[in-house]
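**Q** 3D, please:
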Amino acid sequence: MTPPDCLAPEEPGRRRPAGCTYRIGIDVGGTFTDVVGIAGDGSQTLAKAASTPADQSEGVIQGLRNLAAALQLTLGELLQQTLRIVHGTTVATNALLERKGARIGLLTTEGHRDVIEMREGLKPERYDLRLPAPEPLVPRRLRLGVRERLRPDGREELPLDPASLQAAIARLREEKVEGVAIGFLHSWAAPAHEHAAAAAVAAALPDAFVTCSADVLPQIKEFERFSTAAVNAYVGPVVSRYLGRLAGRLEAAGYRGPLFVILSHGGVAPLAEAARLAVGTALSGPAGGVAAAVALAEQGLGQDLVTFDMGGTSTDIALVAGGEATLGRGRSVGGERIALESLDIVTLGAGGGSVAHLGPGGTLQVGPRSAGAVPGPACYGQGGTEPTVTDANLVLGYLDAGNFLGGARQLDRAAAERAVAGLAGRLGIAPAACAAGIHDLVNARMADGVRLATVRRGVDPRDFALLAFGGAAGLHATAVARELGLRRAAVPLFAAGLSAWGMLHTDLRYELSRSVVTPGGLPPDAALRDLFDGLEAEGRARMAGWHGGEVVARRAADMRYGEQVFEIAVPLDEIDWQGADLAGQIRAAFHARHRALFTYDLPEEEVVLVNARLAATGLLPRQAVAGREGGAAAAPAGTRRIRLAGGEVAAPVHRFETLAPDQAIAGPAIVESATTTVLLRPGDAARMDARGWLEIAVPAGG
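**A** As a prediction, this is how the structure comes out:
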């Protein structure tokens, strides 16, 4: 429904935007907070503000103010005309990476408090004899055993002992914990003991954030379940406080609409659900970029894409195959296992703010340490003195010092040159060569990241197009594509805010799973129908509380051969659930999936169903995006001296927003907007697509 304020007459001298309704996406990055508004007429506006790591909500509100100013509105007017806000946050990620989460305790079955420390008995680098053991999120003195025991089928073997439970709670109260994770053996089969313990904790510690492992991940494998619950308890208080502050600031500024948070699986959830399942926000920010790639695939960019999201602090790489994002489980963030369904994203410590330095043996290295938002690269003039990728790009001429962020920030070229020259002196090379080395080295690192996301997963990247976005990606996209043998790259006009844009092109999503333990293969057909029908009913009921529109349910299963020690995810969308031989259909789907992944299957082997899964998706209304109108090809706005492998050249500089549909540009050239700069190298052939992206043909063997 149109907000009443949209019907008010315009004030003298103030423009009321066409359509008078907005949907706003907000992505908090390590350096900048991006805010994208899509109006009712399909027009799009991007605003940026410096991120504020101490309290991300401050940067969010400033970004909204900047968006309002760009639309000639006050913040209050903008928020009163906004239908929906979708937010991606790095609060949980930062808490894990920086070890700045809550002080937490763990209640577990007596005798099993070391599960989260023993992990699965494997080291991440198994041949490194000096590798220290990871420090668990919960110190051993706060991992407390409680007398209780369930059998694997959920039957009670030993009742929950109230005295043992109260003694453990008293210890946690003495230690002043902020969060409590509860993980009992086999609780996935019967959560009653965990729920009873949670009620007792809540009564004794009303301010504590309490997490039951059976509510977060009702699956077998104790380490994965306990670890995921512990991470949720660790980041939950931090995420809840942040979301509460943000909601309060938005309400005080006049916003009355829904606030959604994008989760690691690429769907969005209401604020309360994001606070409850805080661990699900661990990949919140990068998920928006993958959602954008799926939306662009639907709009015709191509069904097979490698996303290349290079921001100020990191680069995130993912696959979209056949128009769908690749999902996985068992991700580690900050060394902690999170077994929830999530987008399969490879993250590198390589961004515009990555610091170049001397490594062991005096070799040049770039990252993973970043200059961040404060002090930022040396050229930001905020006290930074170490050379970064952004400083190198400025020294090479790829960036316009007077037009960074549309002129809102003047870059200090002299400071960048001093920082690069200092490192060059230690290397014994010329400053220009040092800057080129920094640029080339970060390109090589990011190409390796693409290989991790593709080749090591059995995918040939040469069959994909590189979708480059984030504030820094345009300067590196075609070099990375050349390194990998990719023939196509694309850079959207909204590259610097594409993750925020993508958040407005995804839907509500709720994930459910149930473990199944049956001897002798798959359960009978009737049991399979009841299992998946029950999950779907639960998913639709949950979605009904969030959403009054259309809901789509997708079924899947984790399955393996009887002697295997790992499972694979098998989509079950093509199964005829009312047809004959349901178990046979599911078995055939598993064989086909195994064959697609590993080139073989074993039809004679027993097939085991481990986890039944369901994703309930509430479809949110989309706002069609306005396309680019035709017109004459725009002439270059000028030229700039840039340094390439063959020396300095005078490259034409084109304004991104003035390019006409189908306008062709041959490299070497620069294409820049207020928030994005694209470097076209010799041999690159670019064409402006009317749908809003620069299509680049990259020469083979370049």
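
**Q** now the closest residue to V517 other than its chain neighbours, what's its secondary structure?
**A** Excluding its sequence neighbours, the residue lying closest to V517 (Cβ to Cβ, 6 or more residues apart in numbering) is P152, at 6.3 Å. Backbone N, C-alpha and C define where each C-beta goes, glycine included. Recorded secondary structure, P152: coil (DSSP: H, G, I helix; E, B strand; the rest coil).

**Q** For the stretch 1-150 of the chain, which segments count as helices?
**A** 56-70, 75-80, 91-97, 115-118 (DSSP state H, counting those that start in this stretch).

**Q** The stretch 301-450 of the chain too?
**A** 389-395, 413-427, 431-453.

**Q** So which of these is nearest A203?
**A** Comparison of the helices of the stretch 301-450 of the chain against A203 by Cβ to Cβ identifies helix 431-453 as nearest, at 46.8 Å.

**Q** can you give me how far that closest one is from the chain middle?
**A** 23 Å (Cα atoms, centre = their mean, to the nearest Å).

**Q** What residues of that helix count as buried?
**A** Within helix 431-453, the residues that qualify as buried are 431-432, 434-443, 445-451, 453, counting by 16 or more other Cβ atoms under 10 Å.

**Q** how big is the angle separating it from helix 413-427?
**A** For helix 431-453 against helix 413-427, the angle between stretch directions is 80 degrees (axes from the mean of the first three to the mean of the last three Cα atoms, to 10 degrees).

**Q** model confidence over helix 431-453, on average?
**A** What helix 431-453 shows for mean pLDDT is 93.

**Q** Convert the C-alpha atoms of that helix to CSV, please.
**A** Taking C-alpha atoms only, helix 431-453 is exported to CSV below (Å, rounded to 0.1, in the frame of the first residue of the first chain):
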residue,chain,number,x,y,z
PRO,A,431,58.3,3.3,-7.4
ALA,A,432,56.4,2.8,-10.7
ALA,A,433,57.6,-0.8,-10.9
CYS,A,434,56.6,-1.3,-7.3
ALA,A,435,53.1,0.0,-7.9
ALA,A,436,52.8,-2.3,-11.0
GLY,A,437,54.1,-5.2,-8.9
ILE,A,438,51.4,-4.6,-6.2
HIS,A,439,48.7,-4.5,-8.9
ASP,A,440,49.9,-7.6,-10.6
LEU,A,441,50.4,-9.5,-7.4
VAL,A,442,46.9,-8.9,-6.1
ASN,A,443,45.5,-9.9,-9.5
ALA,A,444,47.4,-13.2,-9.2
ARG,A,445,46.0,-13.8,-5.7
MET,A,446,42.5,-13.2,-6.9
ALA,A,447,42.9,-15.5,-9.9
ASP,A,448,44.0,-18.2,-7.4
GLY,A,449,40.8,-17.5,-5.4
VAL,A,450,38.7,-18.1,-8.6
ARG,A,451,40.5,-21.4,-9.1
LEU,A,452,39.6,-22.3,-5.5
ALA,A,453,36.0,-21.6,-6.3
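
**Q** Toward the C-terminus, what is the element adjacent to that helix?
**A** Of the helices and strands lying after helix 431-453 in sequence (DSSP states H and E), the nearest is strand 465-469.

**Q** thinking again about what came up before, so what's the residue nearest to V517 up against?
**A** 186, 189, 517 (Cβ atoms under 8 Å, 6 or more residues apart in numbering).

**Q** Now the first one: closest residue in space that isn't a chain neighbour?
**A** Closest residue in space to H186, ignoring its immediate chain neighbours: L150 at 4.2 Å, by Cβ to Cβ, 6+ apart.

**Q** What of Q44?
**A** Per Cβ to Cβ, 6+ apart, closest to Q44 is I38, 5.3 Å.

**Q** can you list the domain ranges for this structure.
**A** 103-232, 354-442, 509-618, 638-697 (automatic domain parsing).

**Q** In JSON lines: those domains, plus distance to L259.
**A** Conversion of those to JSON lines gives the following (distance: least, Cβ to Cβ, whole Å):
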{"stretch": "domain 103-232", "distance to L259": "20"}
{"stretch": "domain 354-442", "distance to L259": "23"}
{"stretch": "domain 509-618", "distance to L259": "12"}
{"stretch": "domain 638-697", "distance to L259": "24"}
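
**Q** out of these, which comes closest to A293?
**A** Closest among the domains of the chain, using Cβ to Cβ: domain 638-697, at 11.3 Å.

**Q** how far does the closest one stretch from start to finish?
**A** Using Cα to Cα, to the nearest Å, the end-to-end distance of domain 638-697 comes out at 23 Å.

**Q** How many residues are close by the closest residue to P524 other than its chain neighbours?
**A** Excluding its sequence neighbours, the residue lying closest to P524 (Cβ to Cβ, 6+ apart) is A583, at 7.1 Å. By the criterion of other Cβ atoms under 10 Å, A583 has 16 neighbours.

**Q** name the element A583 belongs to?
**A** Going by DSSP H and E, A583 is in helix 582-598.

**Q** so A318 makes contact with A453?
**A** Yes. Contact between A318 and A453 holds when scored by Cβ atoms under 8 Å: they sit 6.4 Å apart.

**Q** so L71 makes contact with L78?
**A** Yes. L71 is in contact with L78 according to Cβ under 8 Å; the separation is 6.5 Å.

**Q** higher neighbour count, those two?
**A** For L71 and L78, the more surrounded residue by other Cβ under 10 Å is L78, and the numbers stand at 24 against 20.

**Q** Against G101, how distant is the closest residue to that one other than its chain neighbours?
**A** Leaving out its chain neighbours, the residue that sits closest to L78 by Cβ to Cβ, 6+ apart is A68, at 4.1 Å. Relative to G101, A68 is positioned 34 Å away (Cβ to Cβ, to the nearest Å).

**Q** what residue ranges in the stretch 151-300 of the chain score low on pLDDT?
**A** Under the criterion pLDDT under 70, no range of the stretch 151-300 of the chain is flagged.

**Q** about what we covered before: and the helix holding A583, what does it pack onto?
**A** If you count contacts as 3 or more Cβ pairs under 8 Å, 6 or more residues apart in numbering; DSSP states H and E, helix 582-598 packs onto helix 525-544, strand 551-561, strand 568-571, strand 607-618.

**Q** Need the winner for burial among those.
**A** strand 607-618 (a mean of 22; mean count of other Cβ atoms under 10 Å).

**Q** Note down every partner strand of it and its orientation.
**A** strand 508-515 (antiparallel), strand 551-561 (antiparallel) (DSSP bridges).

**Q** Quick one: name whatever helix or strand follows that strand.
**A** Beyond strand 607-618 toward the C-terminal end (DSSP H and E), the next one is strand 638-644.

**Q** What are the buried residues along that next one?
**A** Applying 16+ other Cβ under 10 Å to strand 638-644 flags 640, 642-644 as buried.

**Q** could the residues you listed go into JSON lines alongside distance to V678?
**A** Putting the buried residues of strand 638-644 into JSON lines (distance: Cβ to Cβ, whole Å) gives the following:
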{"residue": "R640", "distance to V678": "13"}
{"residue": "I642", "distance to V678": "12"}
{"residue": "R643", "distance to V678": "17"}
{"residue": "L644", "distance to V678": "14"}
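
**Q** Give me the most central residue, this structure.
**A** For the chain, the residue nearest the mean C-alpha position is P286 (2.4 Å; Cα atoms, centre = their mean).

**Q** Make TSV out of the strands paired with strand 607-618 and add mean pLDDT.
**A** Shown next, in TSV, are the strands paired with strand 607-618 (pLDDT from 0 to 100):
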stretch	mean pLDDT
strand 508-515	94
strand 551-561	95
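
**Q** circling back: I'd say the residue nearest to Q44 and L67 touch.
**A** No. Applying Cβ under 8 Å as the test, I38 and L67 come out as separate, 11.1 Å apart.
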